[in-house]
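1. This is a predicted model, with the sequence first.
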Amino acid sequence: MTHPFPNHPDFIGHNAPSRIECDIHDLVIEGTLPQEINGTWYRSIPDPQYPPMLGHDTMLSGDGMVSAFVFENGHVDFKVRYVQTERLRNDRAARRSLHGLYRNPYTDDPSVRGKGRGAANTTPIYHGGQILAAKEDSRAWAVDPVTLETRGEWDYHGRLRSQTMTAHPRIDPDTGEMYFFGYEAGGLATRDVAYCVANRDGELIREDWLQVPYCALMHDFAVTKEHAVFPVFPITADLERIRAGGAHWAWDRTKDSFIGIMPRDGSVDQIRWFRGPAVSAFHFMNAFTEGNKVHVDFSIASAPVFAFIREASDPETRELRPDQIAGEIVRWSFDLSKPGESFERYTLAPAGDMPRIADKHHMRDYEIGYYARVDLSMGPPILSGPVGAGFNAVTRLEVRSGRAKHLHMGPQATLQEPVHIASKVSGHEGYLAFVVDRHDTNLAEVHIVEAQNPENGAIARIHVPMRLRSAVHGTWVARA
């Protein structure tokens, strides 16, 4: 490497690139790890092999790694490997980054123009017996679930026409079918969205295309037993701006938000669009259908939380400080029996993100959700992750009553996205697992807490003898 990483929040302190591939056997465990926790917790980490070619870029451009915490009979092993994407292989051959701005191929080195630039760095999806390392700007990459060796780019044996695949599919817990989509499916800044279904064996059985009102950053979507829900919020792409070497995404607060709802197993021509105020949203907690109504629970903000998106937007948005961005957990309810574009809006809980529920409750009415928060009462935010402010609390939310329980990390620690682990014991709510970053020691721990009572703290702490760069999303896969 010929020069260091930039002195920028995305690349310093806890966000400094790690670039370490390793195996660690038998991590030290403090406390009592329940014997019933057997399986693998996969996580996707953006971790750049080389400094940005243009001297700056977002943390979200980092080369994808997949890590695995393997829980087996009271023991925990750790493994982490780079996904051997075409992008990474080309950079390693040149011994430098050949790729320019985030999701802008027009800023790349001429030697890689027209070649794959997907980083596979957002979510490790377990389906059809393999891990799909996904990032929404490209197709996923298949990874061996045991060795973490890269098998290759995944296009469902040539059947997938979409150029992209979401990092947030929805798997029906009853049928094992995976519902997913790709936006910008037909190319940069297009309005094309591909709506897809893969059966429980990982075979693509559906791909239908629709068009959304405008090209937007559609990071997530929602699926119920009866409906599919497509969100369009005004973080927008413009092909002329991209071709001129500008940012892929900018916030356009003059545009309305749209929610498209269609019968899950019906035709895309049956989609119905609802219109609402401009909000920024990335992650859905759950959705379910109740008679003629579709309820969607998710996290919203008054403007994008990512600084690099605000910086590419209008002057008023660029001047926003993080503390000026309002947020909350909401329920939007859509009555399909009534005409018009309007819908009902309710506040469920204070702001937070990275929502989780038990897998068995996906797509149906539910009672409990979990999410991470930044609690400013614990002191000034600590730099951690792509947004800048690291989460320092995890919340258990009773969705109907609004009652909540909180676990705070203290002034020298942040936490990464929690994952829910089911229990085999009748009436047991299961467990939450999350990485805790100790900023006083620069080491990581995995905390296991009882999901029903997170405020009681960790029943087991798994010590990792190194710093773990912030992951984006993770997936728990039971050994069974």
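-> Received the coordinates, thanks. Numbering: from 1, shown residues only.

2. ok, then the element right after the top helix by length along the chain?
-> When the chain is scanned for its longest helix (criterion: DSSP state H), the result is helix 86-94. Next helix or strand after helix 86-94 toward the C-terminus (DSSP states H and E): strand 123-127.

3. Give the pairing partners of that following strand; include direction for each.
-> Strand 123-127 has the following sheet partners, assigned by DSSP bridges: strand 130-134 (antiparallel).

4. Quick one: name whatever helix or strand follows the partner strand.
-> Assigned by DSSP H and E, the successor of strand 130-134 is strand 141-143.

5. Give me the distance from the next helix or strand after that following strand to the chain's centre.
-> Using DSSP H and E, the next helix or strand after strand 141-143 towards the C-terminus is strand 150-153. Relative to the centre of its chain, strand 150-153 is centred 21 Å away, using C-alpha atoms, centre = their mean, to the nearest Å.

6. okay but Phe180 is in contact with Gly202, surely?
-> No - the pair Phe180 and Gly202 does not pass the contact test of C-beta atoms under 8 Å, sitting 11.8 Å apart. C-betas here are computed from N, CA, C, even on glycine.

7. that older thread, for the record, mean pLDDT for the longest helix of the chain?
-> Mean pLDDT, computed over helix 86-94, is 98.

8. what does that helix rub up against?
-> 49-50, 63, 82, 97-99, 109, 111-112, 115-119, 153 (C-beta atoms under 8 Å, 6 or more residues apart in numbering).

9. Helices along the protein, start to end?
-> Counting by DSSP H, the helices of the chain are 86-94, 239-243, 307-311, 315-318.

10. Identify, by residue count, the longest strand of this structure.
-> strand 280-290 (DSSP state E).

11. which other helices and strands contact it?
-> strand 222-223, strand 227-232, strand 293-301, strand 353-356, strand 368-373 (3 or more C-beta pairs under 8 Å, 6 or more residues apart in numbering; DSSP states H and E).

12. Could I get the buried residue list for it?
-> Using 16 or more other C-beta atoms under 10 Å as the test for burial, strand 280-290 gives Ser280, Ala281, Phe282, His283, Phe284, Met285, Asn286, Ala287, Phe288, Thr289.

13. Equivalent analysis for stretch 428-435, please.
-> Buried, per 16+ other C-beta under 10 Å, within stretch 428-435: Glu429, Gly430, Tyr431, Leu432, Ala433, Phe434, Val435.

14. ok, the residues you listed vs Phe78, which is closest?
-> Closest approach to Phe78 among the buried residues of stretch 428-435 (C-beta to C-beta): Val435, at 11.0 Å.

15. Give the ranges of residues in this protein that sit below the confidence cut-off.
-> 1-2 (pLDDT under 70).

16. Tell me who's in contact with the residue lying closest to Pro48 once chain neighbours are set aside.
-> Residue nearest to Pro48 in three dimensions, not counting chain neighbours: Gly62, with 4.2 Å by C-beta to C-beta, 6 or more residues apart in numbering. With contacts defined as C-beta under 8 Å, 6+ apart, Gly62 is in contact with Pro17, Ile45, Pro46, Asp47, Pro48, Ala119, Asn121.

17. quick one on the thing from earlier: top of the contacts of helix 86-94 by number of neighbours, please.
-> Tallying neighbours with other C-beta atoms under 10 Å puts Ala119 at the head of the contacts of helix 86-94, with 28 neighbours.

18. which residues does it contact?
-> Contacts of Ala119 by C-beta under 8 Å, 6+ apart are Pro46, Ser61, Gly62, Asp63, Gly64, Thr85, Arg87, Leu88, Lys135, Ser138.

19. can I get those in TSV with distance to Thr347?
-> Output for the contacts of Ala119, formatted as TSV (distance: C-beta to C-beta, whole Å):
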residue	distance to Thr347
Pro46	32
Ser61	34
Gly62	34
Asp63	39
Gly64	35
Thr85	41
Arg87	41
Leu88	43
Lys135	32
Ser138	36
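
20. Could I have the ChimeraX command that selects the buried members from the residues you listed?
-> In ChimeraX, this line selects whichever of the contacts of Ala119 come out buried by 16+ other C-beta under 10 Å:
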select :46,61,62,63,64,85,87,88,135,138
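
21. Can you tell me which of the contacts of Ala119 is closest to Met363?
-> Nearest member of the contacts of Ala119 to Met363, counting by C-beta to C-beta, is Lys135, at 24.2 Å.

22. give me the number of residues near the spatially closest residue to the closest one that is not a sequence neighbour?
-> Closest residue to Lys135 apart from its sequence neighbours, by C-beta to C-beta, 6+ apart: Thr122 at 4.5 Å. By the criterion of other C-beta under 10 Å, Thr122 has 24 neighbours.

23. hang on, Thr122 packs against Pro169?
-> No - the criterion here is C-beta under 8 Å, and Thr122 misses it with Pro169 at 11.6 Å.

24. just the helices and strands packed on strand 280-290: most buried one?
-> Highest mean neighbour count among those (mean count of other C-beta atoms under 10 Å): strand 222-223, with a mean of 26.

25. Residues in contact with that strand: which ones?
-> 170, 172, 179, 228-229, 231, 264, 284, 286-287, 296, 298, 362-363.

26. I'd like these written out as a markdown table, with distance to Leu443 added.
-> Putting the contacts of strand 222-223 into a markdown table (distance: C-beta to C-beta, whole Å) gives the following:
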| residue | distance to Leu443 |
| --- | --- |
| Arg170 | 35 |
| Asp172 | 39 |
| Tyr179 | 39 |
| Ala228 | 42 |
| Val229 | 40 |
| Pro231 | 38 |
| Arg264 | 45 |
| Phe284 | 33 |
| Asn286 | 34 |
| Ala287 | 38 |
| Val296 | 39 |
| Phe298 | 33 |
| His362 | 34 |
| Met363 | 38 |
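
27. Other residues contacting stretch 441-448?
-> Residues contacting stretch 441-448 (C-beta under 8 Å, 6+ apart): 14, 27, 31, 33-34, 37, 69, 76, 415, 431-438, 457-468.

28. Need the helices and strands packed on strand 280-290 in CSV (columns: distance to Ala189).
-> As requested, the helices and strands packed on strand 280-290 are arranged in CSV below (distance: least, C-beta to C-beta, whole Å):
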stretch, distance to Ala189
strand 222-223, 24
strand 227-232, 14
strand 293-301, 23
strand 353-356, 26
strand 368-373, 31
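
29. Mind checking these for the one nearest to Leu210?
-> So among the helices and strands packed on strand 280-290, strand 227-232 is nearest, using C-beta to C-beta, at 7.8 Å.

30. can I get the CA coordinates of the closest one in PDB?
-> Output of strand 227-232 as PDB, limited to C-alpha atoms (Å, rounded to 0.1, in the frame of the first residue of the first chain):
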ATOM      1  CA  HIS A 227     -49.200  -8.300   0.300                       C
ATOM      2  CA  ALA A 228     -45.900  -6.900  -0.800                       C
ATOM      3  CA  VAL A 229     -45.000  -3.300   0.100                       C
ATOM      4  CA  PHE A 230     -42.600  -1.200  -1.900                       C
ATOM      5  CA  PRO A 231     -41.400   2.100  -0.300                       C
ATOM      6  CA  VAL A 232     -40.200   5.100  -2.300                       C
END
